[in-house]
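Engineer: Turn this into a structure:
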Amino acid sequence: MKPSGRIRSLDGLRGVAAVVVVISHGLGTVPSLTASQYPGSPVPNVLTMEWWLNYTPLHLLLAGTEAVYVFFVLSGLVLALPYASQGKSFSWLTYYPARLVRIYVPVVASLMLAFALMFAVPRAFTAADGPWLHAHAELTDLGLLAKDALLLFGANTLNSPLWSLQWEVLFSLLLPIYVFVAVRANKFWIVAAGLIVVAMLASSYFSFTAMTYLLMFAMGVLFALNMGSMHALGLRIEQCRYSTAIWWAVIATSAAALMSYWVLRPLTVSYGVMSLSKPIALVGAAGIVFVAAFWPTARRLFETKAILWLGAVSFSLYLVHEPIVVSLAALTGDRTGFIAIGFGIPLSLGVAWVFFRFVEAPSHRLAAHVKRTMAAARPALKRGGPPLLIPE
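Structural biologist: Below is the predicted model of the structure:
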């Protein structure tokens, strides 16, 4: 594996994270469970289902929000890797149109699917169905649909996972700035990583939402520009006598950090203490990415055929699953999570495969065509355009 090349195990990690998001939304159909997770709700009694699924390692199976943090670190890493390997020969002129095509074509198609399902299966949810399903009772008009499709202003509950795409798009647009800063901080990348965590702590405490999420991508960019150092660290761990124990310690520590909100919540209600959870979770997400990339055992797991298939369809799965889960809950009236998990997950996987084949994969080909077209026009564009932030 080349430190600056494509790391297939990270594709598998993305697939597993997408499945975790699906499970979390499937269990969102259980009113008592979702009520116990909303801010301000009391900590449930020990040994109840709500306690087990929120405050034990079982929560890793439904840690949808934390899985998105892993997505953000992965996006920062994956988008910055081409620059890390190509340097100044990397073309920002071709990057932008290709990237936007790959995001917006599947997003618009997923919104059309969600809009159709909303009318096919009415969402007559009430407060008794729990706060998560009740929020999905809201009807969406074409104006809100257009707002969701733009992504830059968040998402309503027609297809709520799109909330994360707002930050994906902003990061994609700001990537040259991220790279510009990261290149200049590269000699002190450990200090830079610490500063990202400190800055995120401040932004989380003062509720600067945009900065909080955008800093997560910065950790991935820093990771990408220091893949050689990360690779060397992984090799040093492998050469240790107790390497397996060290890797498991990294996994356990990273998982606990990723779940920091649920570790802290039973201990305190102090806003200042709880604001620690997001920067700690970022450290956990980065640790999980490190393990998936550089522990040979983890790489073999995440590079199995089934998990790589999940990675291939992960974006499609992320985009299509929630309207399916919500429609099943509305159609069947089941509030145990059995239908949403037992039928919703395989149905979502099937729809995701179809969506990938007929929407996402063609969007990749279109993006590649746009990239080739822009590359052919690049000399003329460079002569007539303003100087780029990072010279080509």
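
Engineer: what's the first-to-last distance across stretch 286-303?
Structural biologist: One end of stretch 286-303 sits 19 Å from the other (CA to CA, to the nearest Å).

Engineer: element containing the residue lying closest to Leu61 once chain neighbours are set aside?
Structural biologist: Closest residue in space to Leu61, ignoring its immediate chain neighbours: Ile23 at 5.7 Å, by CB to CB, 6 or more residues apart in numbering. Yep, even glycine has a C-beta here, placed from its N, CA and C like the rest. Element membership of Ile23 [criterion: DSSP states H and E] is helix 8-26.

Engineer: again with Thr140
Structural biologist: According to DSSP H and E, Thr140 maps onto no helix or strand at all.

Engineer: Tyr69 too?
Structural biologist: Using DSSP H and E, Tyr69 falls in helix 64-86.

Engineer: Tell me which other helices or strands that helix touches.
Structural biologist: Helix 64-86 sits against helix 8-26, helix 163-184, helix 209-224, helix 243-258, helix 277-294, with contacts defined as 3 or more CB pairs under 8 Å, 6 or more residues apart in numbering; DSSP states H and E.

Engineer: The helix or strand following the third one - what's its average pLDDT?
Structural biologist: In this case it means helix 209-224. The element immediately downstream of helix 209-224 (helix or strand, assigned by DSSP H and E) is helix 227-239. When pLDDT is averaged along helix 227-239, the result is 94.

Engineer: ok, now stretch 340-351?
Structural biologist: Rounded mean pLDDT across stretch 340-351 is 96.

Engineer: again with stretch 203-210
Structural biologist: Here stretch 203-210 scores 94 as its mean pLDDT.

Engineer: Check the offset of that stretch from the chain's centre.
Structural biologist: 19 Å (CA atoms, centre = their mean, to the nearest Å).

Engineer: Output that stretch in PDB, but only the C-alpha positions, please.
Structural biologist: As requested, C-alpha coordinates have been extracted for stretch 203-210 and formatted as PDB (Å, rounded to 0.1, in the frame of the first residue of the first chain):
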ATOM      1  CA  SER A 203     -16.400  26.500  18.600                       C
ATOM      2  CA  SER A 204     -18.400  23.800  20.300                       C
ATOM      3  CA  TYR A 205     -18.600  25.700  23.600                       C
ATOM      4  CA  PHE A 206     -19.700  28.900  21.900                       C
ATOM      5  CA  SER A 207     -22.100  27.000  19.500                       C
ATOM      6  CA  PHE A 208     -20.300  28.000  16.300                       C
ATOM      7  CA  THR A 209     -21.900  25.100  14.500                       C
ATOM      8  CA  ALA A 210     -20.300  25.700  11.100                       C
END
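
Engineer: In it, which residues are buried?
Structural biologist: Buried residues in stretch 203-210, defined by neighbour count with 16 or more other CB atoms under 10 Å: Ser203, Ser204, Tyr205.

Engineer: residues in contact with the last one?
Structural biologist: Neighbouring residues of Tyr205 by CB atoms under 8 Å, 6 or more residues apart in numbering: Tyr271, Gly272, Ser275.

Engineer: wait, which of those residues is closest to Ala185?
Structural biologist: Ser275 (24.7 Å; CB to CB).

Engineer: Kindly confirm whether my reading is correct that that closest one touches Ala202.
Structural biologist: No - with contact defined as CB atoms under 8 Å, Ser275 does not reach Ala202; the gap is 9.0 Å.

Engineer: When the two are compared, which one has more neighbours?
Structural biologist: Ser275 (19 against 14; other CB atoms under 10 Å).

Engineer: Let me see the contact set for Leu233.
Structural biologist: Residues near Leu233 by CB under 8 Å, 6+ apart: Phe290, Phe294.

Engineer: Distance of the residue nearest to the spatial centre of the chain relative to Val291?
Structural biologist: Nearest residue to the geometric centre of the chain (CA atoms, centre = their mean): Phe71, 2.6 Å. For Phe71, the distance to Val291 equals 16 Å [CB to CB, to the nearest Å].

Engineer: since we're on the residue lying closest to Ala329 once chain neighbours are set aside, how many residues are nearby?
Structural biologist: Distances taken as CB to CB, 6+ apart place Thr29 nearest to Ala329, at 4.4 Å, with adjacent residues excluded. Neighbour count for Thr29, taken as other CB under 10 Å: 29.

Engineer: on that earlier part again, among the contacts of Tyr205, which one sits closest to Lys187?
Structural biologist: Lys187 lies nearest to Ser275 out of the contacts of Tyr205, by CB to CB, at 30.6 Å.

Engineer: Need the phi and psi values for the closest one.
Structural biologist: Torsion angles at Ser275 (phi, psi; degrees, to the nearest 10) stand at phi -70, psi -10.

Engineer: The chain should start at 43 in everything you say after this.
Structural biologist: Okay, residue one is now 43; in that scheme the one you just asked about reads as Ser317.

Engineer: ok so, going back, surely the residue nearest to the centre of the chain meets Val58?
Structural biologist: No - look at Phe113 against Val58 with CB under 8 Å: they stay out of range, at 11.2 Å.

Engineer: Go through stretch 277-292 and flag the buried ones.
Structural biologist: Result for stretch 277-292 [16+ other CB under 10 Å]: buried residues Ile279, Ser285, Trp289, Val292.

Engineer: likewise stretch 218-233?
Structural biologist: For stretch 218-233, by 16+ other CB under 10 Å, it's Pro218, Tyr220, Val221, Ala224, Val225, Ala227, Trp231.

Engineer: Residues touching it, excluding its own?
Structural biologist: Applying CB under 8 Å, 6+ apart, the set of residues contacting stretch 218-233 from outside is 118, 122, 125, 134, 213, 234, 259-260, 263-264, 267-268, 271, 430-432.
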